[in-house]
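Visitor: give the three-dimensional model of this entry:
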Amino acid sequence: MPITMPKIEVTFVQQAVSLIARSARGVAVLIVRDDTDKGFTHKQYADLASAQADKALYTADNYNAICDLLAAAPYQAHVFRLDTAGTLADTLAEIARTVKTGWLAVAGQSAEDGTALAAWVKTQAAGGKSYKCIVHNVTPLPDDMHVVNFVNESVTFADERGAQQGVTYLPSLLSILAVCNVERGCTNYHCSNLAAVQEVADNDAAVGAGKFILFNDEDGAVRIGQGINSMTTTDGKTRTEDMQFIETVEAMDLMRDDITSTFRREYLGNYRNTRDNQMMFIAAINASYFRQLAQENILDPDHANAARIDVDAQRAAWVASGKAEAADWDEDKVKASPFKRTVYLAGDVKILGSMTDLIFPITMV
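Guide: Modelled structure (predicted):
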């Protein structure tokens, strides 16, 4: 086996999850194309007042977009500026160096920028980075659990802006999605800064096709139809129907990020690879982390959320290394025989979803 950098691979399969300590979420990253002031590339705003002090740095449209970004008060709000003729890839590289996770969108997004952003997020996800993005009407459909494809053609703001193209609502949705994170689903979320939205021709068909939509409810409020991402291709294992919901992917990413950072910080290189040390790590996951997530209704408290040594994977590693007799080891022997420098864990968790449907037959007597 060739020597490589230490690998921390936390794979989410519906029935096999490896996870530790809760991280702060709610990071929103807005990219603006703006030549008004080229003296900076990155600003972080704590609140609307701090953005108002920088109003002169942006065009009117970009300033409005930043105010929309801050409206829902995300945990962190980042603005990255690039020249109007600049390359989005350069800004995305800077984001990767500066912000380790979060939701992304491009203000006034063009079709090219939307496609490029979706492709970058997909690439980052393949490398274990939990960026997510919301794009406007990207074709072909991104078909990815980390990309949300918003498609309404126009919206009507409740302020003096009035009717605008749908793309102008991306900063608001970016803020909403960042704030909802793992705390609540965004289905039926009231978009209070809108007076109306131009609905799609068929709401159910759009949602079924992986399109994120807004609708006008019976009371005249504009709401999010379903909190879904753009993934439509499922395999029942690594791409399940549950993973089509934003809140499920948020919880998955939360757990992957937490366990990875905790393992890297506390365990990587600090402990010998023995069963006792593996069990110490597993005990921390089960007693501290899973229990905390269950108490916060991210995991189902009535489910036996638990991590364990992955006996099958560890046995297979020994067999593949040339130790054929490992195929006949009993389970305890496998657990007592950690494979070289690798920790093989598996687990079982149940991520809770929000209430969205009501089935309530009433029998009259």
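Visitor: quick one: the helices in the stretch 251-365 of the chain?
Guide: Using DSSP state H, counting those that start in this stretch, the helices found in the stretch 251-365 of the chain span residues 275-284, 291-295, 311-320, 331-335.
Visitor: of those helices, which is nearest Asp258?
Guide: If you check each of the helices of the stretch 251-365 of the chain against Asp258 by CB to CB, helix 291-295 wins as the nearest, at 9.2 Å. For every residue, glycine as well, the C-beta is placed using N, CA and C.
Visitor: need the contact partners of the closest one.
Guide: Residues outside helix 291-295 that contact it (CB atoms under 8 Å, 6 or more residues apart in numbering): Arg22, Ala251, Met255, Leu299, Asp300, Pro301, His303, Asn305.
Visitor: so Ser217 makes contact with Asn203?
Guide: Quick fix: residue 217 reads Asp, not Ser. No: using CB atoms under 8 Å, Asp217 makes no contact with Asn203, being 11.5 Å away.
Visitor: higher neighbour count, those two?
Guide: Ranked by neighbour count (other CB atoms under 10 Å), Asp217 and Asn203 place Asn203 first, with 15 against 10.
Visitor: thought the more buried one was touching Arg223?
Guide: No: between Asn203 and Arg223 there is no contact under CB under 8 Å: 11.1 Å.
Visitor: what is in contact with these two at once?
Guide: Common neighbours of Asn203 and Arg223 (criterion: CB under 8 Å, 6+ apart): Phe215.
Visitor: tell me which element Asp204 is part of?
Guide: Following DSSP states H and E, one finds Asp204 within helix 203-208.
Visitor: scratch that, Glu250
Guide: Secondary structure (DSSP H and E) places Glu250 in helix 246-262.
Visitor: mind listing what's buried along that helix?
Guide: 246-260, 262 (16 or more other CB atoms under 10 Å).
Visitor: may I have that helix as CSV, with CA atoms only?
Guide: Extracted C-alpha coordinates of helix 246-262, given in CSV (Å, rounded to 0.1, in the frame of the first residue of the first chain):
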residue,chain,number,x,y,z
ILE,A,246,-32.0,20.3,2.4
GLU,A,247,-32.4,19.8,6.1
THR,A,248,-31.2,16.1,5.8
VAL,A,249,-28.1,17.1,3.9
GLU,A,250,-27.4,19.9,6.4
ALA,A,251,-27.4,17.3,9.2
MET,A,252,-25.2,15.0,7.2
ASP,A,253,-22.7,17.7,6.5
LEU,A,254,-22.8,18.9,10.1
MET,A,255,-21.9,15.4,11.3
ARG,A,256,-19.2,14.8,8.7
ASP,A,257,-17.5,18.2,9.5
ASP,A,258,-17.7,17.7,13.2
ILE,A,259,-16.3,14.2,13.3
THR,A,260,-13.6,15.1,10.8
SER,A,261,-12.4,18.2,12.7
THR,A,262,-12.5,16.4,16.0
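Visitor: who does it touch, helix- and strand-wise?
Guide: Where contact means 3 or more CB pairs under 8 Å, 6 or more residues apart in numbering; DSSP states H and E, helix 246-262 is packed against strand 131-136, helix 170-180.
Visitor: next one: the first one to chain centre, how far?
Guide: Okay, so that is strand 131-136. 9 Å (CA atoms, centre = their mean, to the nearest Å).
Visitor: contacts for the very next helix or strand once past it, please.
Guide: Next in sequence after strand 131-136, counting helices and strands by DSSP H and E, comes strand 147-150. By CB under 8 Å, 6+ apart, the residues outside strand 147-150 that reach it are 118, 121-122, 132-138, 141-142, 166, 169-170, 173, 177, 210-214, 228-230, 246.
Visitor: one more time with 7 Å
Guide: Residues outside strand 147-150 that contact it (CB atoms under 7 Å, 6 or more residues apart in numbering): 118, 121-122, 133-136, 138, 141-142, 166, 170, 173, 177, 210-212, 229-230, 246.
Visitor: please pick the buried ones from those residues.
Guide: Buried, going by 16+ other CB under 10 Å: 118, 121-122, 133-136, 138, 141-142, 166, 170, 173, 177, 210-212, 229-230, 246, out of the contacts of strand 147-150.
Visitor: can you list contacts of the helix holding Asp204?
Guide: With contact meaning CB under 7 Å, 6+ apart, helix 203-208 is reached by Val151, Val200, Ile213, Phe215, Gly225, Gln226, Ile228.
Visitor: save those residues as a markdown table, and put in neighbour count, secondary structure and distance to Trp318 too.
Guide: Listed next are the contacts of helix 203-208 as a markdown table, based on neighbours: other CB atoms under 10 Å; DSSP: H, G, I helix; E, B strand; the rest coil; distance: CB to CB, whole Å:
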| residue | neighbour count | secondary structure | distance to Trp318 |
| --- | --- | --- | --- |
| Val151 | 20 | coil | 50 |
| Val200 | 19 | coil | 54 |
| Ile213 | 22 | coil | 51 |
| Phe215 | 18 | strand | 55 |
| Gly225 | 21 | coil | 50 |
| Gln226 | 21 | coil | 46 |
| Ile228 | 26 | strand | 42 |
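Visitor: looking at these, which is nearest Asp235?
Guide: Ile228 (17.5 Å).
Visitor: quick one: residues contacting the closest one.
Guide: Val207, Gly210, Phe212, Gln244, Phe245, Ile246.
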